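1. coordinates only, sequence not included:
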């Protein structure tokens, strides 16, 4: 199963490192990533594959949200099927 991760917040050192570290620790494969700085705000979208993850979706979501709270970022993960369903309506 694939999922979309969004990260938004004030730019700071270590955002990519922190997010990719959480994903690595939980066995999540990053398939695609785009990031940009909009004035002083960091924005990133990731397409990840969670088929081989060492944790369930809820644990993954909780770990990313915890990192977001520590760094002052909004980090969200959504299953790809949500986006597929939206485009079928």
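-> Arrived safely. A quick note: this is a predicted structure, and the numbers were derived from the prediction, not measured. Residues are numbered from 1 along each chain as shown.
2. C-alpha from now on. contacts and neighbour counts both.
-> Fine.
3. longest helix of the chain?
-> For the chain, the helix with the greatest residue count under DSSP state H is helix 57-71.
4. Give me the distance from that helix to the chain's centre.
-> 9 Å (C-alpha atoms, centre = their mean, to the nearest Å).
5. Ok, stretch 25-35 next?
-> Relative to the centre of its chain, stretch 25-35 is centred 8 Å away, using C-alpha atoms, centre = their mean.
6. So for that stretch, what gets flagged as buried?
-> If you call a residue buried by 16 or more other C-alpha atoms under 10 Å, then stretch 25-35 has these buried ones: 26, 27, 28, 29, 30.
7. With distance to residue 75, secondary structure and pLDDT as extra columns, can I get those in CSV?
-> Putting the buried residues of stretch 25-35 into CSV (distance: C-alpha to C-alpha, whole Å; DSSP: H, G, I helix; E, B strand; the rest coil; pLDDT from 0 to 100) gives the following:
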residue, distance to residue 75, secondary structure, pLDDT
26, 16, coil, 98
27, 18, coil, 97
28, 16, coil, 98
29, 17, strand, 98
30, 15, strand, 98
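8. Is residue 4 in contact with residue 50, as I believe?
-> No - under the criterion of C-alpha atoms under 8 Å, residue 4 is not in contact with residue 50, lying 10.3 Å apart.
9. all helices in the protein, in order from the N-terminus.
-> 15-25, 57-71, 80-88.
10. what's the closest of these to residue 34?
-> helix 15-25 (10.9 Å; C-alpha to C-alpha).
11. Which strands or helices does that closest one pack on?
-> helix 57-71 (3 or more C-alpha pairs under 8 Å, 6 or more residues apart in numbering; DSSP states H and E).
12. any idea of the angle the helix it packs on forms with helix 15-25?
-> Angle between the axes of helix 57-71 and helix 15-25 is 150 degrees (criterion: axes from the mean of the first three to the mean of the last three C-alpha atoms, to 10 degrees).
13. for helix 57-71, which positions count as buried?
-> If you call a residue buried by 16+ other C-alpha under 10 Å, then helix 57-71 has these buried ones: 60, 61, 63, 64, 65, 67, 68, 71.
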